[in-house]
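**Student:** I'll drop the sequence and a predicted model, then ask my questions.
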Amino acid sequence: MKELIHYIKQLYQYTGNIMVINLLGMVVVSFLDGLAILLLIPMLSISGIIHTANEASRVWLFLDFLKDLPAEMGLPFILGFYVTLVLVQNLLQKNLSIRDVKIHQGFTNHLREEIYQSLLHVKLEYIIQTRKSNLVNSLTKDINRVSMGIKMFMQFMTNILFTLMQIGIAFWLSPQIAGLVIVCGLGLAFFSWKFVRQAKNLGKESTDISRAYLAGITDNLNALKDIKTNRLENSRLMWLKSLNVKMLDEHVKFVKLQTSSQISYKTAFALILSCFIFISAKLFYTQPENLFIVIIIFSRLWPRFVTIQSNLQQLALTVPAFKVLLALQNETKNFMEMLHDNEETLYMNKMIECKNVFFKYNENNTSFVLQDINLQIPAYRTTAIVGQSGAGKSTLVHILMGLNRPQAGEVLIDGISLTDDQILALRKTISFVPQDPFLFNTSIRNNLLLMNPEAPEEHLWAALEFAAADFVKELPEGLDTPIGDRGIRLSGGERQRIVLARAILRNPSILVLDEATSSLDSDNEMKIQMALERLKGKMTIIVIAHRLSTINNADQVIVLDKGRILQKGEYVQLANDKKGIFHHFLKKQFEVN
Ligand SMILES: Nc1ncnc2c1ncn2[C@@H]1O[C@H](COP(=O)(O)OP(=O)(O)OP(=O)(O)O)[C@@H](O)[C@H]1O
Ligand SMILES: [Mg+2]
């Protein structure tokens, strides 16, 4: 429940007094509605449909003047008044409904933006440890359910006000009858708590199933190629079938809950109303006018009770989504990389340094992935990082860019320790080609422009040329060729070259390449190597490569092994150190080739 209250408070902060004004507007609407109902009695009485034996009915108190009017004027007057009242009430209602939608949809959008923005600024470690499909689920289904819940809450509040108003009028008309109806209503509320609790449990079940479905289906669709080649179609189908059974079960439970609660209320209504009419007519010989009031009060109040109950039930269904969303918002807050984006840019002039850096991905692990790292990466030079798979090369460049923060030691830029703010300012000048780069499902042009939206066409071609990606020229649609999900319509090497072109287009002062040319043939690799050679002295280049031929122009080579630096120095110096591991690597690759 506290999650719901949290979001209602947020809603109030977002809308301010507009929300209160809307609720007050609803009070006016319900008052007018009650008034219109009251008018039915004099209407029917004047027209002679029912006979008021005496003038005890309170309705006459404020319609006394009608008695002085001739009968033929009284009826048209009261009918006209009734129609006007209903019209005004409905126009007001329409206006309020539109304002309500704006409030609630506006707040939903605000929430969606807030969560998306916090995910954009969250630390990498949070993304690594969180299942992406859960985030997708939260940003789609959970948000929709929260939005639904907020709508239900507003309806609930409106209904409460409406009902209070109607109760007031009912009391004024006949305190005894109204009192009895309310007692029955409270009985209903007590009785229906069971349904509300069941709805909440169902809501939790539904959240879990929906997460499992989205997670599984995302995985399976991504792995379609592997599923086909390994002939896993049947086992994957069985997975969906078993989940389908659960989904069906959950839906049936939901409908059962809804219908059985409705049956209970409707039967209760019929029973209580019959008892009332029987008692009033047979035992107390109530006048028709009062009997009429009984029916009016009942038919006005009872459906309200039922609606309130159904609002509560639906609200309960959405409570688990409120929980999930609030948990997500709190988590992302704790993992925030920055609170505000400053516009500054930080240029590195001398060097990036690591001093006694220790890092591990999981705090609970005993061993570190990087240990006692001390190194200097001079500006405007090329530094290569080599080592066996799993040695910690990618982790190290992530540390240099502040994507991961060391548990011990520090990273310094020109001798000054990096703060969170500086990392972001520094990242503006870095282009990074990761080992598993991402391309958006759009054209090559849009993928490039994403980095530098103002770049003219000749810059796009220059960047492509740098990355030996002139194959784009030969494509029938050229720059406008769509490349599919993650660039699936391109070959592995073509994808790598587009990503490299994209990195160059940003015109960085530091270029970081993690296995950026690993899928290329030696011809194209040579072209890129020569292009990088031309950049020497103009920008700082950090290259990770398994193929040592790619790094023979490096000014400095750092050899990592099991998270430690084994060797560092100039390429030639390390190559000639016959006892060193780098010499050993070179020899091995030479033999293979
Ligand atoms: N997100 C992660 N969570 C936990 N451990 C990780 C994570 N990423 C990498 N590791 C571990 O950290 C170690 C270093 O990984 P890293 O990716 O830095 O190696 P690498 O030298 O880049 O290897 P490769 O040449 O295969 O790319 C590995 O043992 C790996 O299992
Ligand atoms: Mg790596």
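**Tutor:** Received it, and whenever you're ready, just let me know what you need. Ligands and ions are numbered 1, 2, ... in the order given.

**Student:** report how many residues lie close to residue 238.
**Tutor:** Residue 238 is flanked by 10 other residues according to other C-beta atoms under 10 Å. To be clear about C-beta, it is placed using only N, CA and C from the backbone, and glycine gets the same treatment.

**Student:** other SSEs contacting the host helix or strand of residue 168?
**Tutor:** Assigned by DSSP states H and E, residue 168 belongs to helix 143-173. Applying 3 or more C-beta pairs under 8 Å, 6 or more residues apart in numbering; DSSP states H and E, we find helix 143-173 packed against helix 2-15, helix 17-46, helix 71-120, helix 175-222, helix 288-334.

**Student:** shaky segments in the stretch 451-593 of the chain?
**Tutor:** For the stretch 451-593 of the chain, the stretches with pLDDT under 70 are 593.

**Student:** the strands in it, which residues?
**Tutor:** 510-514, 540-544, 556-561, 564-569 (DSSP state E, counting those that start in this stretch).

**Student:** just the buried residues of the third one, please?
**Tutor:** Read that as strand 556-561. For strand 556-561, the neighbour count (16 or more other C-beta atoms under 10 Å) marks 556-560 as buried.

**Student:** which one of these is nearest to residue 403?
**Tutor:** Minimum separation from residue 403 among these (C-beta to C-beta) is found for residue 560, which lies at 17.2 Å.

**Student:** leaving out chain neighbours, which residue sits closest to that closest one?
**Tutor:** Counting by C-beta to C-beta, 6 or more residues apart in numbering, residue 560 lies nearest to residue 387, which is 3.6 Å off, once chain neighbours are set aside.

**Student:** how close does the one you found sit to residue 368?
**Tutor:** Counting by C-beta to C-beta, to the nearest Å, the separation of residue 387 from residue 368 is 15 Å.

**Student:** more crowded one of those two?
**Tutor:** Remark: of residue 387 and residue 368, residue 387 carries more neighbours, 24 against 20, as counted by other C-beta under 10 Å.

**Student:** now do the more buried one, the pLDDT please.
**Tutor:** At residue 387, the model reports a pLDDT of 92.

**Student:** residue 341 too?
**Tutor:** Per-residue pLDDT puts residue 341 at 64.

**Student:** just the one 10 residues further on next, same as before
**Tutor:** Per-residue confidence at residue 351 stands at 94 (pLDDT).

**Student:** that one pairs with what?
**Tutor:** residue 378 (DSSP bridges).

**Student:** what's stretch 238-252 in contact with?
**Tutor:** 202, 205-206, 209, 212-213, 216-217, 220 (C-beta atoms under 8 Å, 6 or more residues apart in numbering).

**Student:** buried set for that stretch?
**Tutor:** residue 239.

**Student:** how about stretch 137-146?
**Tutor:** Of the residues in stretch 137-146, 137-139, 141-143, 145-146 count as buried by neighbour count, 16+ other C-beta under 10 Å.

**Student:** domain ranges for this protein?
**Tutor:** Domain assignment for the chain by automatic domain parsing gives 2-334, 348-426+513-521+540-593, 430-507.

**Student:** between the two ends of the first one, how far is it?
**Tutor:** By that I understand domain 2-334. Length of domain 2-334, first residue to last, C-alpha to C-alpha, to the nearest Å: 20 Å.

**Student:** now swap in the shortest one and tell me
**Tutor:** For domain 430-507, the first-to-last residue distance is 9 Å (C-alpha to C-alpha).

**Student:** for beta bridges, what are the partners of the closest residue to ligand 2 within the stretch 451-593 of the chain?
**Tutor:** Using C-beta to the ion, residue 514 is the residue of the stretch 451-593 of the chain that sits closest to ligand 2, at 5.8 Å. As for beta bridges, residue 514 partners with residue 544 under DSSP bridges.
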